[in-house]
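Participant: Show me how the following folds:
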Amino acid sequence: MGESTQDGTPGSWFRVTIPHGIKYDRTWLMSSIQRQCSVPFTPVDFHFVKNEARFFVQEASTASALMDVSYKIRDEESQEVCIPVFVRPSAVPYSVRYKLKPEEMEQLKLTLIKRFDVSKLALDLQRLYVDPDLVGYDIDIILNRRSCMTATLQVIEKYFPELLSLNLSTNKLYQLDGLSDIIQMAPTVKILNLSKNELTSMQELSKMRGLKLEELWLQGNPLCDTFPDQSTYVRAIRECFPKLLRLDGQELPSPVTVDVDTPYIVKLCKGSYFGSDELKSLVLQFLKKYYLIHDYGDRQVLAGAYHEEACFSLTIPFHPKDPVPSSLCEYFKDSRNMKKLKDPYLRVQLLKHTKRVIVHTLCVLPKTQHAFSSFVVDTWFQTETMLCFSVCGVFKAVEGSSKGCVRSFTRTFIATPARDCSLCIVNDELFVRDADPSKIQSVFSIPLPTPTSSSMHPLSQQQQDIMQASSTPSEVNR
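Facilitator: Residues are numbered from 1 along each chain as shown. Next comes the predicted model:
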């Protein structure tokens, strides 16, 4: 027998599930569903379970209309992918089942009004669960409970419609499913204090992405201890809240914005200019030495080419319709393809910071043999203290399941001057893809010694002679 709702009608609630819904912006997802649905509805208890998005609706007519929406909404990025929507009968949602009584709602309203600062449009709800005005009436407001958070947001929506600042510190919050409703119920909030709670995962914060926060407090949550350094922490939070100006009381650099409404003209791009033969020699010598060590030496030696706080990223192509090319499988787990990655925490984690981490990453990548004669080098920005240049070409895998496969690569370096008239890498971006067969027929015509699995610290004279004979780039923009 079905469970009864608040009005006593059995079986009139339905659960709506969107597989992999967590990768979509909540506001976009719900507005898209409502546009396609022939019956207006109000979602109840919208939340994420693992990767799914879920909410509840009442009435069979609404459920039937939502069933018709399935596969009619197209993914924002891949218009070829249609989003499924599954609907099935459900028990009464938690927030409805344990809804506060009218007298409890009235006392909660009075308590919140007492905590509201009219001059600052700020609501201080820290330690709400021990507020004497609630405890004295034997009212338990535990904000981890969906019913309690829903009731709190309903009061905010009705009595503080222009709320700017909300303090929820020290409320033992470990999940933000209920709070995510603030995106619709109190969209004006710009300052949110979640400090001294029990949040452990960036996945919880990602549920709040639709909120246009300018200031956020998180200190005192276990989540803050999961990042290797402050810069990684800031980048991860900025992924969720791009307009954030202050984090834990500290000023952040102004976010970079692009005015997409202003028309502009893309000027014709001309070849880069080295500036001098000395600079050209510097870049080419650097690349020769780097790739000789990379292919034939011990890659641990490459640590000397990187700044202590350098950053490295690896990307392989991705299109939702295409499977991962089999020859690139060895690179897939480290690939930071921004079109594929939806998890803001993973986007940051796949950036390799510090030269120790970078060199470890380089050492576990497959052994390679680069065709130096295929290199095209372009120096595209230069100041007295920084040099930006790119190199593209092809290389061959020399071990493993993809042995013999030829791949194309593009690598962009940002470097600063170093001792001994060399360069120090501060940023390194590597893009690897399958090579065009028409462009690789002759690049490996000169036989090069195959690197072995053993480390070879110094370069032999023979290897240096081979480099001199075969390593001249085929084209250098200057």
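Participant: Now do the SS call for Glu157.
Facilitator: helix (DSSP: H, G, I helix; E, B strand; the rest coil).
Participant: tell me the contacts of it?
Facilitator: 185-186 (Cβ atoms under 8 Å, 6 or more residues apart in numbering). Backbone N, C-alpha and C define where each C-beta goes, glycine included.
Participant: Thr200 and Asp229: what is the separation?
Facilitator: Using Cβ to Cβ, to the nearest Å, Thr200 is found at 19 Å from Asp229.
Participant: wait, Ala418
Facilitator: 23 Å.
Participant: And those two? Which one has more around it.
Facilitator: Ala418 (14 against 11; other Cβ atoms under 10 Å).
Participant: what are the ranges of the helices in the stretch 1-150 of the chain?
Facilitator: For the stretch 1-150 of the chain, the helices defined by DSSP state H, counting those that start in this stretch occupy 26-36, 60-67, 94-97, 102-114, 132-135, 146-159.
Participant: mind checking which of the ones you listed is nearest Val426?
Facilitator: helix 26-36 (36.4 Å; Cβ to Cβ).
Participant: What are the contacting residues of that closest one?
Facilitator: Looking at what lies outside helix 26-36 - Cβ under 8 Å, 6+ apart - the contacts are 18, 21, 40-41, 43, 46, 53, 66, 69, 72-73, 76, 83, 85, 180, 183-184, 207, 209-210.
Participant: send the alpha carbons of stretch 114-133 over as CSV?
Facilitator: What follows is stretch 114-133, C-alpha atoms only, in CSV (Å, rounded to 0.1, in the frame of the first residue of the first chain):
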residue,chain,number,x,y,z
LYS,A,114,16.0,38.6,15.8
ARG,A,115,19.2,37.6,14.2
PHE,A,116,18.8,39.8,11.1
ASP,A,117,20.8,43.0,10.7
VAL,A,118,18.7,45.4,8.6
SER,A,119,21.5,47.9,7.9
LYS,A,120,23.8,45.2,6.4
LEU,A,121,21.1,42.9,5.0
ALA,A,122,22.9,40.2,6.9
LEU,A,123,21.5,37.1,8.7
ASP,A,124,23.7,35.5,11.4
LEU,A,125,22.7,31.8,11.9
GLN,A,126,25.8,30.5,13.4
ARG,A,127,25.2,27.8,16.1
LEU,A,128,21.5,28.0,15.3
TYR,A,129,20.9,24.5,16.7
VAL,A,130,21.6,25.8,20.3
ASP,A,131,19.6,29.1,20.0
PRO,A,132,17.8,29.5,23.3
ASP,A,133,14.7,30.9,21.5
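Participant: Report the distance from it to the chain centre.
Facilitator: Averaged C-alpha coordinates place stretch 114-133 at 34 Å from its chain's average position (Cα atoms, centre = their mean, to the nearest Å).
Participant: Any buried residues in that stretch, and which?
Facilitator: Using 16 or more other Cβ atoms under 10 Å as the test for burial, stretch 114-133 gives 115-116, 121-126, 128-129, 131.
Participant: With stretch 193-208 instead?
Facilitator: Buried, per 16+ other Cβ under 10 Å, within stretch 193-208: 193-197, 199, 202-208.
Participant: Greatest separation within the buried residues of stretch 114-133: which pair is it?
Facilitator: Leu121 and Tyr129, at 23.7 Å, using Cβ to Cβ across the buried residues of stretch 114-133.
Participant: partner residues bridging Phe116?
Facilitator: Per DSSP bridges, residues listed as beta-bridge partners of Phe116: Leu123.
Participant: Save the buried residues of stretch 193-208 as JSON lines, and put in secondary structure, distance to Lys396 and pLDDT too.
Facilitator: Output for the buried residues of stretch 193-208, formatted as JSON lines (DSSP: H, G, I helix; E, B strand; the rest coil; distance: Cβ to Cβ, whole Å; pLDDT from 0 to 100):
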{"residue": "Asn193", "secondary structure": "strand", "distance to Lys396": "55", "pLDDT": "97"}
{"residue": "Leu194", "secondary structure": "coil", "distance to Lys396": "51", "pLDDT": "96"}
{"residue": "Ser195", "secondary structure": "coil", "distance to Lys396": "53", "pLDDT": "96"}
{"residue": "Lys196", "secondary structure": "coil", "distance to Lys396": "55", "pLDDT": "96"}
{"residue": "Asn197", "secondary structure": "coil", "distance to Lys396": "52", "pLDDT": "96"}
{"residue": "Leu199", "secondary structure": "coil", "distance to Lys396": "47", "pLDDT": "95"}
{"residue": "Met202", "secondary structure": "helix", "distance to Lys396": "39", "pLDDT": "87"}
{"residue": "Gln203", "secondary structure": "helix", "distance to Lys396": "40", "pLDDT": "84"}
{"residue": "Glu204", "secondary structure": "helix", "distance to Lys396": "45", "pLDDT": "88"}
{"residue": "Leu205", "secondary structure": "helix", "distance to Lys396": "43", "pLDDT": "89"}
{"residue": "Ser206", "secondary structure": "helix", "distance to Lys396": "40", "pLDDT": "83"}
{"residue": "Lys207", "secondary structure": "coil", "distance to Lys396": "45", "pLDDT": "83"}
{"residue": "Met208", "secondary structure": "coil", "distance to Lys396": "47", "pLDDT": "86"}
